[in-house]
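Chemist: Fold the stuff below for me.
(4 chains)
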Number of protein chains: 2
Amino acid sequence: MNQEEQQFLQNYHLEDYPRPSVTSDIAVFAVKSEAGETYRLDPKKKLCLLLIQRGQFPFKGSLALPGGFLRPNETIEACAARELREETGAKAPILRHIGVFSNPSRDPRGWIVSNAFLSVLSEEILQNMQISGGDDAAHAEWFEIDFVQKQDDICHLTLKHDDVRVSAVLRTFQNIYGMQEFEVLENGGLAFDHAQIIAAAVSHLRRETKQFSLIFDFLPEQFTLADLQKIEELISGKSLLASNYRRKAENFLEFTGNSTNGSGHRPARLFRRKVS
Amino acid sequence: MNQEEQQFLQNYHLEDYPRPSVTSDIAVFAVKSEAGETYRLDPKKKLCLLLIQRGQFPFKGSLALPGGFLRPNETIEACAARELREETGAKAPILRHIGVFSNPSRDPRGWIVSNAFLSVLSEEILQNMQISGGDDAAHAEWFEIDFVQKQDDICHLTLKHDDVRVSAVLRTFQNIYGMQEFEVLENGGLAFDHAQIIAAAVSHLRRETKQFSLIFDFLPEQFTLADLQKIEELISGKSLLASNYRRKAENFLEFTGNSTNGSGHRPARLFRRKVS
DNA sequence: CAAATAGTGTCTCTAAGACAATATCAC
DNA sequence: GTGATATTGTCTTAGAGACACTATTTG
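Modeler: Okay, here's the model as predicted:
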C-alpha cells in the first residue's frame, strides 16, 4: 500500500455517510415426536419452528424469530449463530442464508436491514438442550408449523403451541427482478415482517430437502429409512410410497450394520449419511 | 401503537449502537457476438462480465464489480439497480441476490457488508446502451469470462479484454455451516474480495440456466434454438447435442411463426419464451 | 395368529444421451 | 452441387411412480 493510499484511508470516514443497522434473524426447524403413542404404533412427528415471545418493544409480547444486531468484527453468519445461542440456548450446526429484507419501513425503530437464515436441529440435539429466553426474549418455544399454498397464489401459515395459535396469510408472486417473493396479507400477530421471512424459509427448506440436502440434519447419526421418509413427508406435505423413496434414498446412504429392535414389528436397518 | 410503545420508540436511538456500512455489488453477465464472421459461418459468441476500473482508492486502478453504498429509504435491490445504472449506464431487468459478504477485513476502509447480486443483459439491450464510467469509475468494460474447476477443488477465473488479462485462483469448499464457498488463493489484481463474489455469481448462474431460468434474459424476445443452446454451452462450459437439447427446451418455448433468413443455410424457426 | 412395520420385485412411463438421417437455404 | 446449419426420428438406458408381494418382530 503506497503513501497516497494510506493518506486517503486516513481521511476517509465511513461514519460520514448514513448507515443502516444490520441484523440476523434465524428460522430454526426441528422434527419433534409426540409422546402419546400406543402399543406398536410409531410415534407421531411434527415439523416445528422455534419462536420467541418478545420481551421488549417493539412488538412486545408478539411472536418473533430469534435474532439480533450484527456486532463489529463478526461475520453475519457468526452473528446468527451467536444470537441463536444467546436467545434460545441452541447451537446451530448448519446455517443457510436465505435472503435480505431491507424494506425501509420493516422495523418501527428505524433503518434496519435483516439477513434471514435457516437452520435445522436434530431431535437428539433438541433433547440435550434447554431452550431458554435470553435478555431480549421472554420465552423461547417450539411451534408446530403448517404452510400450505391454497388456490392460486395464496399461502396459509399456521403456528401452534398448546393453546397459542397464530395464522398468517401471504401471497406469493414474482418481483420485478424475477424472484419469487411473499407479501404478507395478514400477519396473524407475528412481529415485524417475520411472516414473510418464515414463508421464505419454508420455501427454501422444501427445495433443499427434496435433493437430500439439509434433511439429514434433522436426524441422529443413525436412522431408519422410515425416519428419513417421514421427515421428507412432513416438510413437503406430500405422502410417498416407501418402496420408491427407498430406491431413491439408497444412493445417499450407507448401511451401518445395526438394526432397531423391541418395536413390536420387523426390525429396521439403521443407515447413516454416505459421505461420497 | 400504545403510549408505552411510543415512549419506547422515542427514547430508542439506533445510532447508539455500532453499525456497518452496507453496499451492493453486481455481477452483470451478457453474451457478446464476435464481429469477424466469414461467409455462412455463425458468429462466435463469448460470455462476458461487466467490470469497472476503479478511479479512487482503495484499489485505485484495479478491476472491480460495479456497486456502491445503500442509501436511506431504498431497498438493497433498488440500491443494486441504482448503482449499476449510475456506474455503467446499464438498466438491469433482473437481479438475483446471491450472497452476503461480511468478513470484517474485506474492505480497507473499514466495516462494510456487501450484498452480491447477479444480473443478466441481452445483446439487444447491450447494443442500445452506452456503458460509461460514473463518478466513482474511471471506465466500465465487458470482459470475456472463463471459470473452470481444475483437479480437486481448485478453480481458475480468467477475465480478458483486449490486452488486459486478469487471472485469479480460488479453492472451493464447504464452510462450517454446510454451504459451498470460495476462498481466494490469488486475486489476480481484482479489487476487494470480488474474485470470490464473481466465483459465487458464476456458480449461481450455472445452476439457474440449467433449469431454464435466467437463460432467456440473455436473448431478445425472439430467438432460435441454436441461440439458446449456444448460451447454455457458453455458461456450462460443455457442448450439447442439438437434437436432445431441442427436445428438452421445447417445453419452455412457443413458436412465433417467424423464421430467420438470408443466413446462407436452412432458415431457423424463431421461438419465444412460453409464459405458462 | 394378528397387528404393524420393513423390505423386494416388477411393470409402466418419461426423460436423457447417442447418433443417424433428412431438409433447406445462399452461393 | 456444396457448405453450413436446421430439424426429425430412433435406439438405448436411467429414473420415477404405482402397486403387489414377502419378511420379521411382539403381544
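Chemist: Residue in the stretch 51-200 of chain A with the shortest distance to DNA strand C?
Modeler: For the stretch 51-200 of chain A, the residue closest to DNA strand C is A:Glu123, as judged by CB to the nearest atom of the strand, at 15.8 Å. Where C-beta positions appear, they are placed from N, C-alpha and C, glycine not excepted.
Chemist: and that residue, what does it touch?
Modeler: By CB atoms under 8 Å, 6 or more residues apart in numbering or on different chains, the contact set of A:Glu123 is A:30-33, A:218-220.
Chemist: Next one: it from DNA strand D, what distance?
Modeler: Using CB to the nearest atom of the strand, to the nearest Å, A:Glu123 is found at 23 Å from DNA strand D.
Chemist: likewise A:Leu214?
Modeler: 17 Å.
Chemist: Helix or strand, whichever it is, which one in chain A has the lowest mean pLDDT?
Modeler: helix A:123-127 (a mean of 85; mean pLDDT, DSSP states H and E).
Chemist: Now that one: buried residues?
Modeler: Buried residues in helix A:123-127, counted by 16 or more other CB atoms under 10 Å in any protein chain shown: A:123, A:125-126.
Chemist: ok, stretch A:2-11 near chain B or not?
Modeler: Yes. Counting by CB under 8 Å from any CB of the partner chain, chain B has neighbours in stretch A:2-11: A:4-5, A:8-9.
Chemist: Just the C-alphas of that stretch, formatted as CSV.
Modeler: The C-alpha trace of stretch A:2-11 is given here as CSV (Å, rounded to 0.1, in the frame of the first residue of the first chain):
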residue,chain,number,x,y,z
ASN,A,2,1.5,3.3,-1.1
GLN,A,3,1.6,6.5,0.8
GLU,A,4,-1.1,8.1,-1.3
GLU,A,5,-3.5,5.3,-0.4
GLN,A,6,-2.6,5.5,3.3
GLN,A,7,-3.4,9.2,3.2
PHE,A,8,-6.7,8.5,1.5
LEU,A,9,-7.7,5.9,4.1
GLN,A,10,-6.7,8.2,7.0
ASN,A,11,-9.0,10.9,5.7
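Chemist: Can you list the low-confidence ranges for the stretch 1-150 of chain A?
Modeler: Counting by pLDDT under 70, the stretch 1-150 of chain A contains low-confidence residues at A:1, A:35-37, A:131-138.
Chemist: repeat that for 90
Modeler: Applying pLDDT under 90 to the stretch 1-150 of chain A picks out residues A:1-5, A:34-43, A:55-57, A:87-93, A:123-140, A:150.
Chemist: residues from chain A in reach of DNA strand C?
Modeler: By CB under 7 Å from any atom of the strand, the part of chain A that sits against DNA strand C consists of A:40-42, A:224-226, A:242-244, A:246, A:259-260, A:263-269.
Chemist: circling back: show the buried residues in the residues of stretch A:2-11 next to chain B.
Modeler: Using 16+ other CB under 10 Å as the burial test, the residues of stretch A:2-11 next to chain B include A:Phe8 as buried.
Chemist: closest to DNA strand C among the residues of stretch A:2-11 next to chain B?
Modeler: Once CB to the nearest atom of the strand is applied, the member of the residues of stretch A:2-11 next to chain B that ends up nearest DNA strand C is A:Glu5, at 49.7 Å.
Chemist: re earlier: same list (the buried residues of helix A:123-127) but as CSV, adding distance to A:Phe101.
Modeler: CSV is the format used below for the buried residues of helix A:123-127 (distance: CB to CB, whole Å):
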residue, distance to A:Phe101
A:Glu123, 30
A:Ile125, 27
A:Leu126, 27
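Chemist: Going by residue numbers, what spans are helices in the stretch 1-150 of chain A?
Modeler: Counting by DSSP state H, counting those that start in this stretch, the stretch 1-150 of chain A has helices at residues A:3-11, A:76-88, A:123-127.
Chemist: Off-centre distance for the longest one?
Modeler: Read that as helix A:76-88. Remark: helix A:76-88 is offset 13 Å from the chain centroid, using CA atoms, centre = their mean, to the nearest Å.
Chemist: Just the buried residues of it, please?
Modeler: Residues A:76-84, A:86-88 are the ones in helix A:76-88 that count as buried (16+ other CB under 10 Å).
Chemist: ok, the residues you listed vs chain B, which is closest?
Modeler: Comparing the buried residues of helix A:76-88 against chain B with CB to the nearest CB picks out A:Ile76 as the nearest, at 4.2 Å.
Chemist: ok, A:Phe101 - how many residues close by?
Modeler: Residues lying near A:Phe101 (other CB atoms under 10 Å in any protein chain shown) number 22.
Chemist: Skipping adjacent residues, who's closest to it in space?
Modeler: A:Ser114 (4.6 Å; CB to CB, 6 or more residues apart in numbering or on different chains).
Chemist: care to break chain A down by domain?
Modeler: A:18-210, A:220-273 (automatic domain parsing).
Chemist: deepest of the ones you listed, which one?
Modeler: Highest mean neighbour count of the domains of chain A: domain A:18-210, a mean of 18 (counted as mean count of other CB atoms under 10 Å in any protein chain shown).
Chemist: for that one, the distance to its chain's centre please.
Modeler: That offset, for domain A:18-210, works out to 6 Å (CA atoms, centre = their mean).
Chemist: sorry, back to before: the contacts of A:Glu123 in strands, which ones?
Modeler: A:30-33 (DSSP state E).
Chemist: What helices and strands are in contact with the longest helix seen in chain A?
Modeler: Longest helix of chain A, by residue count under DSSP state H: helix A:194-210. When contacts are defined as 3 or more CB pairs under 8 Å, 6 or more residues apart in numbering or on different chains; DSSP states H and E, helix A:194-210 packs onto strand A:21-33, strand A:96-101, strand A:112-120, strand A:137-149, strand A:154-161, strand A:164-174, strand A:180-186, helix A:225-236.
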